[in-house]
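K.L.:
coords please:
(2 chains)
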There are 2 protein chains.
Amino acid sequence: MDTSLFVNPEVRTNFGKTPTEAMEGFLSLAVQIPTLDFYMPSSIFQELLNFIDESKISGDLLIVLRQKSPSRHELSCPAFLLYELIDDIRERVNKGLRVAEKAIRKTSKEKENEKEIIQNLRRNYRDALRDGIIDSKEDVDLILLAKELDALLVTADNGVIKWAEKLGIRWLLPKKFKDYLVSSIKRLKPQPQSQKVGKA
Amino acid sequence: MDTSLFVNPEVRTNFGKTPTEAMEGFLSLAVQIPTLDFYMPSSIFQELLNFIDESKISGDLLIVLRQKSPSRHELSCPAFLLYELIDDIRERVNKGLRVAEKAIRKTSKEKENEKEIIQNLRRNYRDALRDGIIDSKEDVDLILLAKELDALLVTADNGVIKWAEKLGIRWLLPKKFKDYLVSSIKRLKPQPQSQKVGKA
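P.N.:
Model (predicted):
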């Protein structure tokens, strides 16, 4: 599970209005499904703490939402991923250069607004270089943990989903995560054995 | 073996004045060492063809210098390399942005020389983003082929050497490659058995 589920407004509103409410909404469903284990990379959980009210994190949440980093030094990845990553980078680096050139031409024409142009440059440059790429350790953590646990990946980050595809990792449409949980609860009801596990 | 051995002026002069001469110099030594196999990734060999006179490529060279791509879809690499690569990229992407900002400030001050400033930007940007990083498929080919064959890597590219270190690949100081070959020839002389193999 990724932070984006509770932070991204398009996705989180299924669960609650604010990130904190969304997390509580998730928890209220998750505790009813003892047959599912929920994992979040520790680095992603750290990220999440920037968005939610820490005092609202209950013991229940810490039990239900397990934090675990992937085994970074034991896992391996197919070598062709290195080629794809490097291809990705080259393309984006060239995009970044074009963004910079455009900004210079604009500066040269307008002969002022230096500050504003640099602010725009920063935004455009970052957009050009980050869109659709795995660009952070947190992204890699998500992918590798899903791989390690053979888990279902739930994230709203398209760059991460693209890479999950390359590695044969199952992923869920993030907007459907709530439906997935609700259906899981329904499926538990007629199975007294599973309920027993829940009560144990 | 990397193109840089025959192209990089600091390294190639051991073997010959021009890239073509350097390759012939290498060949004259290599044919005397039947106990060593020399490999070059096919992509690197393609690169080399841009620098040498193709009519000077002898059948002997093609026999002695074997071309082989790494088994890209069978090999795997440790997952921690993904983290290091992504760290590398982030740092360089930030460097690229600073280069672009500097260029804009200059444009804004000088209010002319747009063409010249953009030319400088291109050079500085590329330098900032490529220095010491593995940034091409050819680089990855070199590293993975050395890994696959458990071979001794010979290159003048510091980015590649840095990554070889991370993967426990043996590498040779490129300037000492000729000495290595000459010593290999000397060591063969008192071993009649190895000579037999050479004559066979």
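K.L.:
okay, CA-based contacts and neighbour counts for the rest of this
P.N.:
OK.
K.L.:
Give me the below-cutoff pLDDT ranges for chain A.
P.N.:
A:108, A:110-112, A:130-133, A:190-200 (pLDDT under 70).
K.L.:
Which positions in it make contact with chain B?
P.N.:
With C-alpha under 8 Å from any C-alpha of the partner chain as the criterion, chain A meets chain B at residues A:72-80, A:82-83, A:86-87, A:89-90, A:93, A:97, A:100-101, A:103-105, A:107-108, A:111-112, A:114, A:118, A:121-122, A:125, A:129, A:135-137, A:140.
K.L.:
In ChimeraX, select just the buried ones from the residues you listed.
P.N.:
Per 16 or more other C-alpha atoms under 10 Å in any protein chain shown, the buried members of the residues of chain A next to chain B correspond to this ChimeraX selection:
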select /A:72,75,76,77,78,79,80,82,83,86,89,90,93,97,100,101,103,104,105,107,108,114,118,121,122,125,129,135,137,140
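K.L.:
So which of the residues of chain A next to chain B are in helices?
P.N.:
A:80, A:82-83, A:86-87, A:89-90, A:93, A:97, A:100-101, A:103-105, A:107-108, A:114, A:118, A:121-122, A:125, A:129, A:137, A:140 (DSSP state H).
K.L.:
in chain A, which spans are strands?
P.N.:
Taking DSSP state E to define them, one finds strands in chain A at A:38-40, A:65-67, A:76-78, A:153-154, A:171-172.
K.L.:
which stretch among the ones you listed comes nearest residue B:171?
P.N.:
For residue B:171, the closest of those is strand A:76-78, at 22.8 Å, according to C-alpha to C-alpha.
K.L.:
So which elements touch the closest one?
P.N.:
strand B:76-78 (3 or more C-alpha pairs under 8 Å, 6 or more residues apart in numbering or on different chains; DSSP states H and E).
K.L.:
so what's residue A:170 up against?
P.N.:
Residue A:170 is in contact with A:151, A:152, A:153, A:164, counting by C-alpha atoms under 8 Å, 6 or more residues apart in numbering or on different chains.
K.L.:
Most neighbours among the residues you listed, which one is it?
P.N.:
With neighbours taken as other C-alpha atoms under 10 Å in any protein chain shown, the top of these is residue A:153, carrying 24 neighbours.
K.L.:
That one - nearest residue in space that isn't next to it in sequence?
P.N.:
residue A:171 (4.4 Å; C-alpha to C-alpha, 6 or more residues apart in numbering or on different chains).
K.L.:
nearest residue to residue A:101 other than its sequence neighbours?
P.N.:
residue B:118 is the one closest to residue A:101 (C-alpha to C-alpha, 6+ apart), at 6.4 Å.
K.L.:
next one: residue A:154
P.N.:
residue A:1 (4.9 Å).
K.L.:
now residue A:12
P.N.:
Closest residue in space to residue A:12, ignoring its immediate chain neighbours: residue A:6 at 4.8 Å, by C-alpha to C-alpha, 6+ apart.
K.L.:
What's the local residue count around the one you found?
P.N.:
Residue A:6 has 30 neighbouring residues, counting by other C-alpha under 10 Å.
K.L.:
Would you mind measuring from it to residue A:23?
P.N.:
6 Å (C-alpha to C-alpha, to the nearest Å).
K.L.:
what's the overlap in contacts for these two?
P.N.:
Contact criterion C-alpha under 8 Å, 6+ apart; residues shared by residue A:6 and residue A:23: residue A:15.
K.L.:
Tell me who's in contact with residue A:80.
P.N.:
Residue A:80 touches B:72, B:73, B:75, B:76, counting by C-alpha under 8 Å, 6+ apart.
K.L.:
these two touch, right, the third one and residue A:82?
P.N.:
By that I understand residue B:75. No. Using C-alpha atoms under 8 Å, residue B:75 is not in contact with residue A:82, being 10.8 Å away.
K.L.:
Would you check how far apart residue A:114 and residue A:107 are?
P.N.:
Distance from residue A:114 to residue A:107, by C-alpha to C-alpha: 7 Å.
K.L.:
now do residue A:95
P.N.:
Between residue A:95 and residue A:107 the computed distance is 19 Å (C-alpha to C-alpha).
K.L.:
Equivalent analysis for residue A:88, please.
P.N.:
Going from residue A:88 to residue A:107 by C-alpha to C-alpha gives 29 Å.
K.L.:
now swap in residue A:48 and tell me
P.N.:
Plainly put, residue A:48 is 39 Å away from residue A:107 if you go by C-alpha to C-alpha.
K.L.:
How about stretch A:2-20, which residues are buried there?
P.N.:
In stretch A:2-20, the ones that count as buried by 16+ other C-alpha under 10 Å are A:2-7, A:11-16, A:18-20.
K.L.:
Also stretch A:28-43?
P.N.:
For stretch A:28-43, burial by neighbour count (16+ other C-alpha under 10 Å) applies to A:30, A:31, A:32, A:33, A:34, A:38, A:39, A:40, A:41, A:42, A:43.
K.L.:
any idea which of those is the one closest to chain B?
P.N.:
Set against chain B, the nearest of those by C-alpha to the nearest C-alpha is residue A:43 (12.9 Å).
K.L.:
Name the nearest residue to the closest one, ignoring sequence neighbours.
P.N.:
residue A:138 (5.9 Å).
K.L.:
who are the neighbours in contact with residue A:139?
P.N.:
With contacts defined as C-alpha under 8 Å, 6+ apart, the neighbours of residue A:139 are residue A:160.
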